[in-house]
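Student: Give me a 3D structure for the following:
(one chain, ligands or ions: 2)
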Amino acid sequence: MDVFILPVPIEKIHAREVLDSRGNPTVEVEVHTPFSIGAACVPSGASTGTHEALELRDKDKRYGGKGVLKAVRNVNDVIAPKLKGMDAARQRELDMLMLELDGTENKSKLGANAILGVSMAAARAAASALELPLYRYLGGVNAYRLPIPMMNVINGGKHAGSGLAIQEFLLLPVGADTYHEALRMGVETYHTLGKILKDKYGKTATNVGDEGGYAPAIGTTREALDAMMDAIKKAGYEGSVKLGMDAAASEFLKDGKYHIDGKSLSRDQLVKYYADIVKDYPIIVLEDPFAEEDWEGFIAITKEVGKDVTIIGDDIFVTNVKRLQRGISMGAANALLLKLNQIGTVSEAFDAATLAFRNKYKIAVSHRSGETCDSTIADVAVALGAQIIKTGAPARGERTSKYNQLLRIEESLGKAATYTGI
Ligand SMILES: O=C(O)[C@@H](CO)OP(=O)(O)O
Ligand SMILES: [Mg+2]
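Tutor: Residues are numbered from 1 along each chain as shown. Ligands and ions are numbered 1, 2, ... in the order given. Here you go, the predicted model:
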């Protein structure tokens, strides 16, 4: 019997410059087929890993050098003519062809922002032409698990002027039975936290950072964690809402020392610092506890607390199979942060996920600090069966677009929807 494949021919690809949540330009791409139009917007990081695929910026006077017209032209003039007529549903072939057209290790010729825009928009166009929700198109029968919403409720580091070294203080409602309950528990805790911060530190404490979390000017990690614990208790979720932190430690490593809470710590001292915190608070996730090249630090913390704590590698792995493989063979971390734009195609991000799962590494699918209302990562998280999604505070449109999309997916899955915690 012949294999029967429905073609979804690409008729047109068009990119344009739009704005992200920080007011910086980013790339939006439309892929047109006779049956559908798929559109996608590319996000952008602030605390980016050195080894991420390259985000092409114009570096001229427009938008203070942050324009993306070169990337837009690369889509319209270089990628579009080559992909026209190809089947939008043959994702891997499209992605491979774009890799070939680019020809560099880090996508510096065409720009990862150009390539990813097309990659995501093609997936959307194909899903829509085949009349499938995106999560089901990408994940098939295996797409039924809703991730834990890991909500960033206090912003520090590069994402706020709060003075906190730790970039993100995260809530994980693991004790819920369903995704929508988990989201509600997180929202109630977030609002309770707002009241607590206002009472204790004044009105400006509830100004928010890049990802919608509060940005109070408080001095230490423990002070932030105490406020969160207080909020969890007052909201009535002690035991069922747990804590996480994304240290983004590359940002506070200077001259060989980690600068945190007014101290300068060595690698060993920082291991101890985290181990003590993990003893005192219900922390179940530590992301980027060490800098992106500090493999030894990752190995040490994984040995120390990795049995009970999910140690996520973000800047260290950059969703790159080579770097992830290195981490796996060394015992560095036990989970992967998956960001589509760190690697630049849907197929390569899925390769990283496969490698992670085969080696019992957990997966947290993640937004960037610069976002749009594009909600692709919600569908990707369900398609992969990822344990966690990290997409900021449960507030601000570019963050809630993902959390809300997961509500829709949960509803559409009906009885198959599963929420199992970590
Ligand atoms: O470090 C991170 O995990 C991300 C997203 O929260 O931040 P950015 O997009 O600035 O790299
Ligand atoms: Mg991170």
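
Student: Excluding chain neighbours, give the residue nearest to the spatially most central residue of the chain in space.
Tutor: Nearest to the geometric centre of the chain sits S366, at 1.3 Å (Cα atoms, centre = their mean). Distances taken as Cβ to Cβ, 6 or more residues apart in numbering place K390 nearest to S366, at 4.5 Å, with adjacent residues excluded. The C-beta positions use only the backbone N, C-alpha and C, and glycine is treated the same way.

Student: Look through this structure and tell me its longest helix.
Tutor: In terms of residue count, the longest helix belonging to the chain (DSSP state H) is helix 179-201.

Student: Tell me the buried residues in it?
Tutor: 179-180, 182-183, 185-190, 192-194, 196-197, 201 (16 or more other Cβ atoms under 10 Å).

Student: Using pLDDT, spot the least trustworthy of those residues.
Tutor: Least confident of the buried residues of helix 179-201 in the model: Y201, at 94.

Student: what residue ranges in the stretch 301-422 of the chain score low on pLDDT?
Tutor: For the stretch 301-422 of the chain, applying pLDDT under 70 flags no range at all.

Student: sorry, back to before: could you measure from the residue nearest to S366 over to ligand 1?
Tutor: 6 Å (Cβ to the nearest ligand atom, to the nearest Å).

Student: now G139
Tutor: 23 Å.

Student: Using CSV, list the CA coordinates for the strand or helix carrying that residue.
Tutor: In this assignment (DSSP states H and E), G139 forms part of helix 134-139. Coordinates of the C-alpha atoms in helix 134-139 are reproduced here as CSV (Å, rounded to 0.1, in the frame of the first residue of the first chain):
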residue,chain,number,x,y,z
LEU,A,134,-1.3,22.8,17.6
TYR,A,135,-0.6,20.6,20.7
ARG,A,136,-2.1,17.6,19.0
TYR,A,137,-0.4,18.2,15.7
LEU,A,138,2.9,18.4,17.5
GLY,A,139,2.4,15.7,20.1
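
Student: how far is the following helix or strand past it from where the chain is centred?
Tutor: Once the chain leaves helix 134-139, the next helix or strand it forms, by DSSP H and E, is strand 148-155. Distance, stretch centre to chain centre, for strand 148-155: 11 Å (Cα atoms, centre = their mean, to the nearest Å).

Student: cool, stretch 250-268 as well?
Tutor: Counting by Cα atoms, centre = their mean, stretch 250-268 comes out at 25 Å from the chain centroid.

Student: which residues of this protein fall in strands?
Tutor: Remark: strands assigned in the chain by DSSP state E are 12-19, 25-32, 37-41, 148-155, 168-172, 242-246, 253-254, 257-260, 263-265, 283-287, 310-313, 335-338, 362-366, 388-390.

Student: out of those strands, which comes closest to A352?
Tutor: Distance to A352, taken as Cβ to Cβ, is lowest for strand 335-338 among these, at 6.2 Å.

Student: The residue nearest to G45 when sequence neighbours are not counted and ligand 2: what is the separation?
Tutor: Distance criterion Cβ to Cβ, 6+ apart; nearest residue to G45, sequence neighbours excluded, is R368 at 4.5 Å. Counting by Cβ to the ion, to the nearest Å, the gap from R368 to ligand 2 is 10 Å.
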